[in-house]
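Q: Fold the following.
(one chain, ligands or ions: 1)
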Amino acid sequence: MVDFSKVEAIDFHTHAEEPCDSCRDDGYNEFQTGMAAYFRNPAGAEGMLPTVQDTAAYYRARNIAAVIFPVDAERETGFRRYSNEEVASLCAENDDILIPFASVDPHKGRAGAREVRRLVREFGVRGFKFHPTMQGFFPNDRAACYTVLEACAEEGVITLFHTGQTGVGSGMRGGMGMRLKYSNPMHIDDVAVDFPDMKIVLAHPSFPWTEEGLAVAQHKPNVYIDMSGWSPRYFPEIFTRYANSILKRKMLFGSDWPAITPDRWLKDFAEAPFKDEVRPLILKQNALRLLGEVE
Ligand SMILES: [Zn+2]
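A: Residues are numbered from 1 along each chain as shown. Got it, this is the predicted structure:
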C-alpha cells in the first residue's frame with residue numbers, strides 16, 4: 001500500500017502503455033504518432049512510451065503516487081487492449097507508488113460488470129477509467145453503459161471519465177472515427193444523479209465545455225475534476241478561478257503521463273496564479289479524501 005503520509009503529491013491521471021507497442025503493425029503506431037503531435041511529446045512518436053515499470057520508477061524517484069490505468073477501446077478503435085489483470089499485477093509489484101485503476105468498455109454489459117467485480121475483489125482495483133469518445137458512448141445512455149456503471153457503484157469504486165477534446169484521432173482522417181460529442185461533461189450530470197454515492201472524476205478542463213464541467217462539479221457533491229492533459233499555463237481563466245475558490249476541494253493534480261510529464265505540469269503549476277492555501281489541496285489533500293484515506 002502507498003504510505004500516503006510520505007508521498008509529496010498524488011497524480012490522479014496516468015496511462016499504462018503496453019511494452020510491445022513499438023512493434024505493432026495494426027495502425028496503432030500511426031495513432032500514437034498523432035497523439036504525440038497533439039501533445040508535442042517526442043517519446044510517443046518514437047515508440048518510446050514508458051512501461052508500467054518505467055512509470056513506477058519515475059514516480060518513485062519523485063515521491064509522487066500515481067493513479068494508473070489502461071484504456072479498453074478495442075470495440076471502437078480496433079486496437080487490442082492492454083489487459084487489466086496485467087496492469088493490476090504490475091501495480092501490485094509497485095504498490096508503494098502506483099494506485100491501480102482499470103478500464104472496461106461499458107458496452108461489454110454483463111460481461112463487463114463481471115470483470116469490474118473481479119478486478120475490484122481479486123486485484124484491488126480502486127477505480128475505472130471511461131473514455132466516452134474512444135469507447136463511443138454517451139455516459140447517460142442507460143442501455144449502453146449502466147450495467148457496468150452499476151457494478152462500479154455497487155463495488156464502491158471511483159469512476160473517471162475523459163471529458164472535452166482529445167488527442168485521440170486528432171488530425172487524422174475523419175478523426176479516426178472518434179466523435180467529440182460524447183465527451184461533453186454535462187452528460188455526466190445525469191450519471192451523478194443516478195449514482196449519487198458513486199465518486200466521479202471529470203478528467204481534464206473539459207474544453208470546449210469547461211464551464212459545463214465546472215457547473216457539474218459545483219452542483220454534485222460526488223463529482224471531482226482532474227486537471228490533467230493541459231499545462232496549467234494554458235488553463236482557461238475561469239477554470240483557475242473556480243479551482244482557487246468554490247471548487248478548491250474538488251480539484252485534483254493530474255498530468256496525463258506520458259503525454260504530459262508531472263515535471264512539466266508541476267513547474268507550470270508553480271508559476272500559475274494559484275493561491276498558496278489551495279496548492280496542497282490540489283496536489284494531495286483532495287485526492288486523499290476522494291480515495292477515502294481521510295475524512
Ligand atoms: Zn488521459
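
Q: Please make it C-alpha for all contacts and neighbour counts, starting now.
A: Fine.

Q: Identify each buried residue in stretch 2-17, please.
A: Going by neighbour count (16 or more other CA atoms under 10 Å), the buried part of stretch 2-17 is F4, V7, A9, I10, D11, F12, H13, T14, H15, A16, E17.

Q: My error: substitute stretch 136-153 in the last question.
A: For stretch 136-153, a neighbour-count test (16+ other CA under 10 Å) marks 136-140, 144-153 as buried.

Q: Rank the buried residues of stretch 2-17 by pLDDT and give me only the lowest.
A: For these, the least confident position by pLDDT is E17, scoring 88.

Q: Check the gap between that one and K108 for me.
A: 22 Å (CA to CA, to the nearest Å).

Q: And the helices in the chain?
A: Residue ranges of the helices in the chain, as given by DSSP state H, are 28-39, 42-45, 52-62, 74-77, 84-93, 109-123, 132-135, 142-155, 186-194, 210-219, 237-244, 262-271, 279-280, 286-290.

Q: where among these is the average confidence lowest?
A: helix 42-45 (a mean of 56).

Q: returning to what we had before: out of the buried residues of stretch 136-153, which one sits closest to M178?
A: Ranked by distance to M178 (CA to CA), the buried residues of stretch 136-153 are led by G136 at 7.5 Å.

Q: okay, the closest one: pLDDT?
A: Note for G136: predicted pLDDT of 96.

Q: Distance check, it against A61.
A: Using CA to CA, one gets 37 Å for the distance from G136 to A61.

Q: returning to that earlier point: what's the most buried one of the helices of the chain?
A: Mean neighbour count, computed with mean count of other CA atoms under 10 Å, is highest for helix 132-135 among those, reaching a mean of 25.

Q: Report the distance from it to the chain centre.
A: In terms of CA atoms, centre = their mean, to the nearest Å, the centre of helix 132-135 is set 13 Å apart from its chain centre.

Q: now for that helix, which elements pack on it?
A: helix 74-77, strand 158-162 (3 or more CA pairs under 8 Å, 6 or more residues apart in numbering; DSSP states H and E).

Q: For the longest one, which strands pair with it and how are they oriented?
A: Translated: strand 158-162. Strands flanking strand 158-162 in the sheet, each with its direction: strand 127-130 (parallel), strand 200-203 (parallel) (DSSP bridges).

Q: I'd like the ones you listed as a markdown table, with mean neighbour count and mean pLDDT appended.
A: Rendered in a markdown table, the data for these read as follows (neighbours: other CA atoms under 10 Å; pLDDT from 0 to 100):
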| stretch | mean neighbour count | mean pLDDT |
| --- | --- | --- |
| strand 127-130 | 26 | 98 |
| strand 200-203 | 27 | 98 |
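
Q: With distance to F269 added, can I get those in JSON lines?
A: Output for the strands paired with strand 158-162, formatted as JSON lines (distance: least, CA to CA, whole Å):
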{"stretch": "strand 127-130", "distance to F269": "24"}
{"stretch": "strand 200-203", "distance to F269": "17"}
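
Q: right, and those - which one's nearest T163?
A: strand 200-203 (5.6 Å).

Q: For stretch 238-251, give the distance from the opening residue to the closing one.
A: End-to-end distance of stretch 238-251 (CA to CA): 13 Å.

Q: nearest to R179, of the helices of the chain?
A: Evaluated with CA to CA, the helices of the chain place helix 132-135 nearest to R179, the distance being 5.6 Å.

Q: Export that closest one to PDB, keeping only CA atoms.
A: Output in PDB follows, covering the C-alpha atoms of helix 132-135 (Å, rounded to 0.1, in the frame of the first residue of the first chain):
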ATOM      1  CA  PRO A 132     -16.700   8.300 -24.000                       C
ATOM      2  CA  THR A 133     -15.100   9.400 -27.200                       C
ATOM      3  CA  MET A 134     -12.800   6.300 -27.500                       C
ATOM      4  CA  GLN A 135     -15.500   3.900 -26.300                       C
END
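
Q: Quick one: residues in contact with it.
A: Contacting residues not belonging to helix 132-135 are listed as 72-73, 75-77, 105-106, 138-139, 161-163, 168, 178-183 [CA atoms under 8 Å, 6 or more residues apart in numbering].

Q: and those, which are buried?
A: Using 16+ other CA under 10 Å, the buried ones in these are 72-73, 76-77, 105-106, 138-139, 161-163, 168, 178-183.
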